[in-house]
Each structure stands twice: as structure tokens, then as C-alpha cells.
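Participant: kindly generate the corresponding structure for this input.
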Amino acid sequence: MAKPKASFICQNCGAVHGRWQGRCEACGDWNTIVEEGSSLSAPIGPGGVRIGKGRIIAMEGLTGASLDAPRLPAGIAELDRVTGGGFVKGSVILLGGEPGIGKSTLLIQAAAALAKRGQRVVYISGEEAVAQVRLRADRLGLADSPVDLAAETHVDDIVATLSAGKTPALVIIDSIQTMWTSAVEAAPGTVTQVRGSAQALIRYAKTTGAAVILVGHVTKDGQIAGPRVVEHMVDAVIFFEGEGGHDFRILRGLKNRFGPTDEIGVFEMRGNGLNEVANPSALFLGTRDPNAAGTSVFAGMEGTRPLLVELQALVVPNGMGTPRRAVVGWDTSRLAMILAVLEAHGGVRLGQYDVYLNVAGGLRIAEPAADLAVAAALVSSLTGNPLPIDMAIFGEVSLSGAVRPVSHTGHRLKEAAKLGFTRAAAPLAQQAEESDRAVGIHAIERIADLVALVAAGKPVRTVERVARDG
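Facilitator: All right, here's what the predicted structure looks like:
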């Protein structure tokens, strides 16, 4: 019998080390390496059987009938949008999000909607008792839904139970970090157990055609806990995000083998659960103060959905020596770039001012097209001139001070027109693309054009005067 050998595995990235050390060489994190037992004998396969000699598998060619992946709509439009039209049979989805954000609420609602349409849905809870899940369902008014419910953490028992009856259309595992399998010699919650449990559930999904949703915990830095290899093993990764002080939640697709990877779904948390938001632009702009300086409306794109959101900037003199740069909902490094371009090519000096930038409503924006709207909000706050109430802004700013065109101009303008906007500040090259537009475009060729546009109003302080004071 082979002598057991200990291995040291990083709990963040899953890298295996021959000995313990304080810092993982693969990911660079400290104090994440944990000793786990292993064996030099043959590896363990499904059901705890050690794998010996392999078997010959059948090979197929590229030719043959190729049908579109059949989908199972959840009945929740925002969820179906993110998944690409519904759950693909045999697919595995990893759902992440901060504690209390509404993951279990969303899954209970999706399970109830499918079960009421005659589909068999199984909800396995590894963190809560059956009574606790029933209390949530009763609070949401879904207690009469024919959902099969169990509280279990042993993956082998779960797979055996699911295989004994009718194959379910959807299986929900809440959460994957609480699961363990006898095929892996490690403590529950470790990287090895998470990976082994996920592999067993993925194998079940691929062999039976049932769609499986794995709920994942989130670390303190906002990443889905567990080894990154689990994200590579699953077919789709979606993230549920939102701010505690806001009622709405954003469901964002990060990976999808069967659909788009940049779609978002918008929900609003209410007493009866998560409600879909059909017009998120109206929600994000609902509390906007149009006469306030330092605000701009950005016409953005999230996947195939146009979205209008308010950007808020505050520029105040600094009296502490080192200016502060605080950003919520945008990239801090990109803000530094916009500040440098404004000073170098726009004649706006911001080196002696504290700068605060916020995306209203808690939405997080990663699109470069927001550069021009951010610059407009900064100049508006500095000069004290409010931007026109009926103007939306979009465009990418380059280091040379030029404003570059962006894609999906027509969708952005149509969304702006729907909400009553009649003007848009956009790159010069966008003018030729929309001849029948309902929104007039104010051409912005360089960042200096934007500064002149903001300063053309009724200024409280001109740019030149503020620059001279700085």
C-alpha cells in the first residue's frame, strides 16, 4: 500500500506546492496555503472507485446533425436575458454575489416559476434547514410551488437521489462551498473539496441533461471564492451585484458558452421579492437634479441594452497638500488619465483640487465610452455651470486629447430620445452615422471642444479664472 503523502494547496488559486510556505508563488497571496492529504496510489474516480486501466471511447466526426442548444426559459425576462434566452439543458451555471444581495431569493423565484409550468425543479440547500427555506418561500408567496426541497451537503448522496427519480429540469445547489464528496480526501470547504464536488455535479449535468446552478460565495475583494478552475469548468458565470443602500440589483454575465458575456439584468428588491425593471434608464435617472452642476448623463451600452445613467463629480479645493481622488463605480486609473488629459489638452488645472466621482445608483461602468461624460461632469463641477438638461454624452477620450467614436450610436440615441433627451455631445465621426436621428448631435472633436461647450453657459466661475486661482 502506498504511503500517504501530504500536499499543500493554495485556497485562492488551487496551486499545489511540495511544502508549506507563507506566500503562494502562483497568485502571490499570503497565508492561503493549507495542508491536505493525498495518496500516491491510483486516482479516485466516481463513486470512490480507484481508476486503473482506461477504457476505449467512441470517436465521432465533425459531420452530422447539429441542432441549436435547447433552452429552458426561467420565465423571468431579466434572468433569461443574461443567460442568453434560458437555461441550456446539461449546462452548469455558477452564480456569485455578496451575502444578502438576493441570490437565494432570485433562485427561489426562478425555481417556483419553472415548477408551476410542470418542470421538475430540485433545490438543495447546504447552508439552511428546510424550514428556513420554506419561510423564505412563504414570505415571497411561493409556498404552494411544487419544488422538491432538501438540506444536504454530501454530493454522493445528492447525485444518487437525483438519479433515482425523474431527471429534473433544474437543480440548484446552495452553495458549492458547503458540499463535499467521499472521493476526495480533504476537509469540506477546501479547494480540493470544492473542485471535486463541482466536478461530480458537472458530470451529472452532462450525462443526464439537467441544468445545474451552483451558488458561490464571494471573498472580501469581491471575487467568487474557491479555485479559479471552477469558473473554467462551468458553462456560465453570472454575478449578482448591488449596493446595500439601493433597492435595485444588477445581474451581470461574466462568462457564457451559449450566449453573450456582457449582458445585464436589472431587478428591484421589494417586500415581495425581486421585481424586474423593464426600463432601467428611467430608474437610474429618477432622482436626478437637472440643475445641479457636476452631473452629466452618460448614454452607455451594457451588452445589447442601451442604458442611461447619471455621473456625479465634485471638485473642491484641497487644503491638505495631497489631493484626494475618490471613485465609486468607475476605474480609478481611468479617472487619473482623464484628469491628465484635461490639464494637458483642455487647459483645466485640477492638480490642487480634490476630485470625487460617483456613478449614481451604485452601477459599475467599465465602458471607455464614459470618458467624455466623466470629463463633462468634472468641468461642470469646476466651473459651476450645469450641463443642458436635455443632453446625453458619450465618447472615448484618447491621450492626445482627441475624442474617438464608439459603437452602437443608434441604440444610444434612441434610448436618449425615449427618455426625452433632444441633444447629445458625441464624437465628430458619429455625425455621419445617424441621418434620421431624433436627437441632435453636438460634435466634439477634441477635449477642448467639450471644455468650451461647458463654459459657454452662464458660468458661476470660468475655467480660466479657476485655473488661475489654482
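Participant: distance of residue 272 from residue 250?
Facilitator: Remark: distance between residue 272 and residue 250 (C-beta to C-beta, to the nearest Å) = 20 Å. For every residue, glycine as well, the C-beta is placed using N, CA and C.
Participant: likewise for residue 278?
Facilitator: Using C-beta to C-beta, one gets 15 Å for the distance from residue 278 to residue 250.
Participant: with neighbour numbers in mind, choose between these two.
Facilitator: Each of residue 278 and residue 250 has its neighbours counted (other C-beta atoms under 10 Å); residue 250 has more, 25 against 10.
Participant: in the protein, where's the longest strand?
Facilitator: strand 305-317 (DSSP state E).
Participant: and after that strand, which helix or strand comes next?
Facilitator: strand 325-328 (DSSP states H and E).
Participant: how about residue 197, nearest residue that isn't a chain neighbour?
Facilitator: residue 179 (3.8 Å; C-beta to C-beta, 6 or more residues apart in numbering).
Participant: can you report how many residues lie near the one you found?
Facilitator: 25.
Participant: could you do the one 10 residues further on as well?
Facilitator: Residue 189: 16 surrounding residues under other C-beta under 10 Å.
Participant: next one: residue 366
Facilitator: Residue 366 - counted by other C-beta under 10 Å - has 12 other residues nearby.
Participant: ramachandran coordinates for the residue nearest the centre of the chain?
Facilitator: Nearest residue to the geometric centre of the chain (C-alpha atoms, centre = their mean): residue 252, 3.6 Å. When read as degrees, to the nearest 10, the backbone of residue 252 gives phi -120, psi 130.
Participant: so which bits of the longest strand of the chain are buried?
Facilitator: Buried residues in strand 305-317, counted by 16 or more other C-beta atoms under 10 Å: 305, 306, 307, 308, 309, 310, 311, 312, 313, 314, 315.
Participant: go on, stretch 114-121?
Facilitator: 114, 115, 119, 120, 121.
Participant: let me have the residues you listed in JSON lines, extended by secondary structure, pLDDT and distance to residue 325.
Facilitator: Converted to JSON lines, the buried residues of stretch 114-121 look like this (DSSP: H, G, I helix; E, B strand; the rest coil; pLDDT from 0 to 100; distance: C-beta to C-beta, whole Å):
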{"residue": "114", "secondary structure": "helix", "pLDDT": "95", "distance to residue 325": "47"}
{"residue": "115", "secondary structure": "helix", "pLDDT": "95", "distance to residue 325": "50"}
{"residue": "119", "secondary structure": "coil", "pLDDT": "94", "distance to residue 325": "51"}
{"residue": "120", "secondary structure": "coil", "pLDDT": "95", "distance to residue 325": "53"}
{"residue": "121", "secondary structure": "strand", "pLDDT": "96", "distance to residue 325": "48"}
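Participant: now for those: which two are most distant?
Facilitator: The most widely separated members of these are 114 and 120, with 8.6 Å between them, by C-beta to C-beta.
Participant: ok, back up a step: nearest to residue 420, of the buried residues of stretch 114-121?
Facilitator: Nearest member of the buried residues of stretch 114-121 to residue 420, counting by C-beta to C-beta, is residue 114, at 38.4 Å.
Participant: excluding covalently adjacent residues, which one is nearest to the closest one?
Facilitator: Leaving aside its chain neighbours, residue 114 sits nearest to residue 121 (5.0 Å; criterion: C-beta to C-beta, 6+ apart).
Participant: so in terms of bridging, what pairs with that neighbour?
Facilitator: Counting by DSSP bridges, residue 121 forms beta bridges with residue 170.
Participant: show me what contacts it?
Facilitator: Residue 121 sits next to 111, 114, 115, 147, 148, 168, 169, 170, 171, 172 when contact means C-beta atoms under 8 Å, 6 or more residues apart in numbering.
Participant: repeat for residue 35
Facilitator: So residue 35 contacts 6, 7, 8, 20 (C-beta under 8 Å, 6+ apart).
Participant: so what's it scoring on pLDDT?
Facilitator: Residue 35 carries a pLDDT value of 81.
Participant: helices of the stretch 351-470 of the chain, start to end?
Facilitator: Assigned by DSSP state H, counting those that start in this stretch, the helices in the stretch 351-470 of the chain fall at 371-383, 409-418, 447-455, 463-469.
Participant: quick one: the first one to chain centroid distance?
Facilitator: Averaging C-alpha coordinates over helix 371-383 and over its chain gives two centres that are 26 Å apart (C-alpha atoms, centre = their mean, to the nearest Å).
Participant: with just CA atoms, put it into PDB.
Facilitator: Extracted in PDB, the C-alpha atoms of helix 371-383 (Å, rounded to 0.1, in the frame of the first residue of the first chain):
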ATOM      1  CA  ASP A 371     -14.700  59.100 -20.700                       C
ATOM      2  CA  LEU A 372     -16.400  62.100 -22.300                       C
ATOM      3  CA  ALA A 373     -19.300  62.100 -19.800                       C
ATOM      4  CA  VAL A 374     -16.900  61.900 -16.900                       C
ATOM      5  CA  ALA A 375     -14.900  64.900 -18.300                       C
ATOM      6  CA  ALA A 376     -18.000  66.900 -18.700                       C
ATOM      7  CA  ALA A 377     -19.100  66.300 -15.100                       C
ATOM      8  CA  LEU A 378     -15.600  67.300 -13.900                       C
ATOM      9  CA  VAL A 379     -15.600  70.600 -15.800                       C
ATOM     10  CA  SER A 380     -19.100  71.300 -14.900                       C
ATOM     11  CA  SER A 381     -18.300  70.900 -11.200                       C
ATOM     12  CA  LEU A 382     -15.200  73.000 -11.500                       C
ATOM     13  CA  THR A 383     -16.900  75.900 -13.400                       C
END
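Participant: show the average pLDDT along that helix.
Facilitator: Helix 371-383 comes out at a mean pLDDT of 95.
Participant: ok, back up a step: need the helices of the stretch 351-470 of the chain in CSV (columns: distance to residue 441 and mean neighbour count).
Facilitator: As requested, these are exported to CSV (distance: least, C-beta to C-beta, whole Å; neighbours: other C-beta atoms under 10 Å):
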stretch, distance to residue 441, mean neighbour count
helix 371-383, 12, 27
helix 409-418, 8, 20
helix 447-455, 12, 21
helix 463-469, 23, 14
